[in-house]
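Colleague: one predicted model, sequence on top.
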Amino acid sequence: QVQLVESGGGLVQAGGSLRLSCAASGSFFSINDMGWYRQAPGKQRELVAAVTSAGSTNYAESAKGRFTISRDNAKNTVYLQMNSLKPDDTAVYYCNAAARVGPNRFVLQTLNYWGQGTQVTVSS
């Protein structure tokens, strides 16, 4: 089982910054992609940014130029630095991780895990 614990959400004024963190713990052999998604009221969950274990990144158009995703593989932690925040960024932000799990290293499968979510509210 893999647990993802997020932190760093909160209330900020438009133009401000927040940094989200998500630490993975539990029983797994490795973690492949990690990412951040968000879900605003009445809307579907959407990808914000993702990063591979090698450090390649992918961003939603709305996040490009304002958000930066990074990860510390030694700590199994992914970060999302959010700058120039807008009211439209208000949402619950969820951490996602694809972890390789199994009884031993010869019998592994990749499973998707989600954090509990952290609220980000941007006031105008």
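Modeller: All right, it came through fine. Numbers count the residues shown, from 1 in each chain.

Colleague: and stretch 22-31, which residues are buried?
Modeller: Neighbour-count burial for stretch 22-31 flags 22-24, 28, 31 (criterion: 16 or more other C-beta atoms under 10 Å). C-betas here are computed from N, CA, C, even on glycine.

Colleague: identify the farthest-apart pair in those residues.
Modeller: The span of the buried residues of stretch 22-31, defined through C-beta to C-beta, is set by 22 and 28 at 14.3 Å.

Colleague: which residues of this structure score low on pLDDT?
Modeller: Scanning the chain for pLDDT under 70 picks out no residues.

Colleague: as a markdown table, the buried residues of stretch 22-31 with distance to residue 107 would be great.
Modeller: Output for these, formatted as a markdown table (distance: C-beta to C-beta, whole Å):
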| residue | distance to residue 107 |
| --- | --- |
| 22 | 27 |
| 23 | 26 |
| 24 | 21 |
| 28 | 13 |
| 31 | 18 |
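
Colleague: could I get those residues as a markdown table with distance to residue 103 and secondary structure?
Modeller: Converted to a markdown table, those look like this (distance: C-beta to C-beta, whole Å; DSSP: H, G, I helix; E, B strand; the rest coil):
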| residue | distance to residue 103 | secondary structure |
| --- | --- | --- |
| 22 | 26 | strand |
| 23 | 24 | strand |
| 24 | 19 | strand |
| 28 | 12 | coil |
| 31 | 18 | strand |
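
Colleague: mind listing the residues bridging to the most centrally placed residue in the chain?
Modeller: Closest residue to the average C-alpha location of the chain: residue 36 at 2.7 Å, with C-alpha atoms, centre = their mean. Counting by DSSP bridges, residue 36 is bridged to residue 49, residue 95.
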